[in-house]
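A.B. asks: quick one, what's the 3D model for this:
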Amino acid sequence: MDYRKFLPQPPSECRDPDLFRLLNEFHFVRWHPDYEERRSEIRDQITTESILSRAERSVEDPYERLRQYAGELLVWVRRENAATFILTLLNDQTEFVRGETARMLSQLRCDSCVARLIELATIDCSPFVRGCAASGLGGQNPIKSIPVLIDVLDNDHEACETGHTPSSCAATALDEMMETEWTQKRFDGGLRSLNPDGIDLTALREQSMLFLKQCQQRDDGK
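C.D. replies: So this is what the prediction gives:
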């Protein structure tokens, strides 16, 4: 059975429907054990200059899902000039695009995006976006991001539709940054589970402040 006929089709306003179909298919096969060969084929295709150039143009596509997919691709391949396009998406009018783009930056350090991430984490009207921005700050310079994350951890407890709060996202971001296990246990293969002993926010905060001090001392010694 051809699974592709069951995948959603782009709306008429989408300017590059073929790119959307390709990236959407990649999302489907990316984690599916039965489509390893097709996954490899698409991976080779989407890292070509032709596709990456189309992704750059698509950050301003009318279709929000394609905008989000395009940003994700540029982050995933560590596109050299990705920052310009990521900033465009961090300023997107749609909460979904702003949030998902901010969240992806947990995987990519982008110094020119930090100021915008801090804005999103602290003043965006959407708790979903604020939480995603907190997650993104977990992948950035600790000296700049830890003070913001601790403030969010302590003060922003508004839940989004999924039930997550910016505070909980900040806790996980600090945990990931320090490679500790205050919020979740880590297992082989990248698997995670909630810490069965509960989350000790006081200990997480204290260790974060110590880690910040160590980073500052290391930076001063350069």
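A.B. asks: can you tell me which residues contact residue 157?
C.D. replies: For residue 157, the residues meeting the contact criterion (CB atoms under 8 Å, 6 or more residues apart in numbering) are 165, 166, 167. In short, each C-beta sits where N, CA and C put it, glycine included.
A.B. asks: dihedrals phi and psi, the second one?
C.D. replies: With angles defined as degrees, to the nearest 10, residue 166 shows backbone torsions of phi -60, psi -30.
A.B. asks: continuing past the helix or strand of the chain with the lowest mean pLDDT, what's the next helix or strand?
C.D. replies: One helix or strand of the chain scores below all others by mean pLDDT, DSSP states H and E: strand 192-194, with a mean of 66. Proceeding N to C from strand 192-194, the next assigned helix or strand is helix 201-220, under DSSP states H and E.
A.B. asks: next, the buried residues of that next one.
C.D. replies: Residues of helix 201-220 classed as buried under the neighbour-count rule (16 or more other CB atoms under 10 Å) are 201, 204, 205, 207, 208, 211, 212, 215.
A.B. asks: for it, packing partners?
C.D. replies: Helix 201-220 makes packing contacts with helix 142-155, helix 166-178 when contacts are defined by 3 or more CB pairs under 8 Å, 6 or more residues apart in numbering; DSSP states H and E.
A.B. asks: what about the strands in this structure?
C.D. replies: Using DSSP state E, the strands of the chain run over 184-186, 192-194.
A.B. asks: residue 176 and residue 41, how far apart?
C.D. replies: Shown here: residue 176 relative to residue 41, a distance of 32 Å by CB to CB, to the nearest Å.
A.B. asks: look at the two and report which has more neighbours.
C.D. replies: Applying other CB atoms under 10 Å to residue 176 and residue 41 shows that residue 176 carries more neighbours, namely 17 against 13.
A.B. asks: what's near enough to touch the more buried one?
C.D. replies: Contacts here follow CB under 8 Å, 6+ apart; on that basis residue 176 touches 106, 138, 139.
A.B. asks: please redo it, this time with the cut-off set to 6 Å
C.D. replies: residue 138 (CB atoms under 6 Å, 6 or more residues apart in numbering).
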